[in-house]
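S.K.: predicted coordinates and the sequence they were generated for:
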Amino acid sequence: MSISFILRLIVTLILGQTLFFKFSAAPESVYIFSALHLEPYGRLGAGFAELVACILLWIPKYKFLGSVLSLFLMLNAVLLHLFVLGISVQSDHGILFIMAVIASMASGILILRIKKHLS
């Protein structure tokens, strides 16, 4: 397995595992997006964007676009945790924040690796 494959897998697993919670209106997701005054449209929009990013990551022609989209989404999540929600949301001990940081880092590294191979 290549490093790029592992990075795409990490990002896809992190973004993909949250889709159920966003699309099923799980209490945690509703709480977060209510705190942001974006419920329900922000929750559903974020879920759709994350689904698109996950798909694009696995289409060779669009994996760069998927990496950029996932980086944008996860940096947004990190910033919202830092400045609005707090690191720990509903006593999750910062797990959502840590997953957003990991996905951001993996997406950023993936972008650099893809750009390196393009040049």
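M.R.: Received, thanks. Numbers count the residues shown, from 1 in each chain.
S.K.: so where does the closest residue to R43 other than its chain neighbours fall, helix or strand?
M.R.: Take R43 and drop its neighbours on the chain: the residue closest to it by CB to CB, 6 or more residues apart in numbering is F33, 4.1 Å away. The C-beta positions use only the backbone N, C-alpha and C, and glycine is treated the same way. Secondary structure assigned from DSSP states H and E places F33 in helix 27-35.
S.K.: then G16?
M.R.: Per DSSP H and E: G16 is located in helix 3-23.
S.K.: likewise E50?
M.R.: Per DSSP H and E: helix 41-57 holds E50.
S.K.: circling back: now the helix holding F33: average pLDDT?
M.R.: Per-region confidence: helix 27-35 scores 96 on mean pLDDT.
S.K.: next, the buried residues of the helix or strand containing N76.
M.R.: Assigned by DSSP H and E, N76 belongs to helix 63-80. Residues 63-64, 66-71, 73-75, 77-78, 80 are the ones in helix 63-80 that count as buried (16 or more other CB atoms under 10 Å).
S.K.: can you show me the CA trace of that helix as PDB?
M.R.: These are the backbone C-alpha positions of helix 63-80, laid out as PDB (Å, rounded to 0.1, in the frame of the first residue of the first chain):
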ATOM      1  CA  LYS A  63      -8.200  13.000  -6.000                       C
ATOM      2  CA  PHE A  64      -6.500  16.400  -5.800                       C
ATOM      3  CA  LEU A  65      -9.900  18.200  -5.800                       C
ATOM      4  CA  GLY A  66     -11.100  15.700  -3.100                       C
ATOM      5  CA  SER A  67      -8.000  16.400  -1.000                       C
ATOM      6  CA  VAL A  68      -8.600  20.200  -1.300                       C
ATOM      7  CA  LEU A  69     -12.200  19.900  -0.400                       C
ATOM      8  CA  SER A  70     -11.500  17.600   2.600                       C
ATOM      9  CA  LEU A  71      -8.800  20.000   3.800                       C
ATOM     10  CA  PHE A  72     -11.200  23.000   3.500                       C
ATOM     11  CA  LEU A  73     -13.900  21.100   5.400                       C
ATOM     12  CA  MET A  74     -11.700  19.800   8.200                       C
ATOM     13  CA  LEU A  75      -9.900  23.100   8.700                       C
ATOM     14  CA  ASN A  76     -13.300  24.700   9.000                       C
ATOM     15  CA  ALA A  77     -14.200  22.100  11.600                       C
ATOM     16  CA  VAL A  78     -10.900  22.800  13.500                       C
ATOM     17  CA  LEU A  79     -11.500  26.500  13.500                       C
ATOM     18  CA  LEU A  80     -15.100  26.100  14.700                       C
END
